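Engineer: just the structure for this:
(one chain, ligands or ions: 1)
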Amino acid sequence: MNRKIWYLLLLMGLAVQGYAAAPPSKEEGALIFKGRCAACHNINKRVVGPALAGVGDRRSMEWITKFVQSSQSLISSGDKDAQALFAEFNNTPMPDHRDITADQVASLVEYIKSETKTATAGNVDVITYKPGVRPLAYRPLMLSDYGYITGFIAVVALLVLVMLMMVRVKDVEREMQNDK
Ligand code: HEC
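Structural biologist: Residues are numbered from 1 along each chain as shown. Below is the predicted model:
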């Protein structure tokens, strides 16, 4: 291997180290959450596991770290909160994530905070949307949508114009050939 590649590897190593030592970031938390937790957890809604909104307030960071790394160890160590939660969720064990560090847990909590809608401990199942006022994620197409309709007509008109011009060009070509 030549020198340049070694330097490159060294730089990459430093970059990774810098990343690992970085302060908690919700971007890092988002990545981990979406990849490894979202199958069972939603932040504002109870699904397979509890809604995680407000978890940073109702538990200590140490507790969360232990629970994420190995919930079953924490439960069998006699932790009352973990035992109660386990029972509440019909003894569904949460899988261990032993490789997740305390720093990464801090990032996860940071992310959870940033995504929390109604965050008060003990009141995490509340959804802030009322029926009927939930904003639509998409906008239905309507004739009253003048901007859209005008744009649409303009595009169609332009296409027709281009087509007419192409026909005209062909005509001219043909005329020129006939002239020869
Ligand atoms: C296979 C499903 C599953 C996955 C994946 C999962 N969890 Fe859980 N989690 C649970 C269940 C179920 C509980 C409820 C406690 C129990 O049953 O042990 C729970 C509980 C928790 C709690 C305690 C919440 C509270 O109210 O105190 C935290 C924190 C937590 N999970 C974080 C995470 C994080 C972070 C990840 C991703 C790294 C994750 N979980 C991945 C199923 C899962």
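
Engineer: phi and psi next, for Met94.
Structural biologist: With angles defined as degrees, to the nearest 10, Met94 sits at phi -90, psi 130.

Engineer: for Met176, see how far away it is.
Structural biologist: Counting by CB to CB, to the nearest Å, the gap between Met94 and Met176 amounts to 79 Å. Quick note: C-beta positions are derived from backbone N, CA and C, even for glycine.

Engineer: between these two, which one's more packed in?
Structural biologist: Higher neighbour count among Met94 and Met176: Met94, with 21 against 9, using other CB atoms under 10 Å.

Engineer: isn't the more buried one up against Cys40?
Structural biologist: Yes. Counting by CB atoms under 8 Å, Met94 touches Cys40, with 7.2 Å between them.

Engineer: list residues touching both of those two?
Structural biologist: Taking CB atoms under 8 Å, 6 or more residues apart in numbering as the criterion, Met94 and Cys40 both touch Gly49.

Engineer: so where do the helices sit in the chain?
Structural biologist: Assignment of helices within the chain using DSSP state H yields the ranges 3-20, 26-32, 55-58, 61-76, 80-88, 102-115, 146-179.

Engineer: which of the ones you listed has the lowest mean pLDDT?
Structural biologist: When the helices of the chain are compared by mean pLDDT, helix 3-20 comes last with a mean of 72.

Engineer: centre of the chain to that helix, how far?
Structural biologist: Here helix 3-20 is found 28 Å from its chain centre; the criterion is CA atoms, centre = their mean, to the nearest Å.

Engineer: likewise stretch 69-85?
Structural biologist: The answer for stretch 69-85 is 29 Å, by CA atoms, centre = their mean.

Engineer: 571 is where my numbering starts, stick with that
Structural biologist: From this message on, residue numbering opens at 571, which makes the last subject stretch 639-655.

Engineer: buried residues in that stretch?
Structural biologist: 639-641, 644-645, 649, 652, 655 (16 or more other CB atoms under 10 Å).

Engineer: what distance do you get for Thr686 to the ligand?
Structural biologist: 13 Å (CB to the nearest ligand atom, to the nearest Å).

Engineer: tell me how far that residue lies from Ile602.
Structural biologist: Plainly put, Thr686 is 17 Å away from Ile602 if you go by CB to CB.

Engineer: please apply the same query to Val675.
Structural biologist: Val675 sits 9 Å away from Ile602, going by CB to CB.

Engineer: looking at the two, which is more packed in?
Structural biologist: Higher neighbour count among Val675 and Ile602: Val675, with 23 against 18, using other CB under 10 Å.

Engineer: okay, now the closest residue to Lys683 other than its chain neighbours: neighbour count?
Structural biologist: Nearest residue to Lys683, sequence neighbours excluded (CB to CB, 6 or more residues apart in numbering): Gly626, at 6.1 Å. For Gly626, the count of nearby residues is 20 (other CB under 10 Å).

Engineer: contact partners for Gly626?
Structural biologist: Contacts here follow CB under 8 Å, 6+ apart; on that basis Gly626 touches 634, 679, 682-683.
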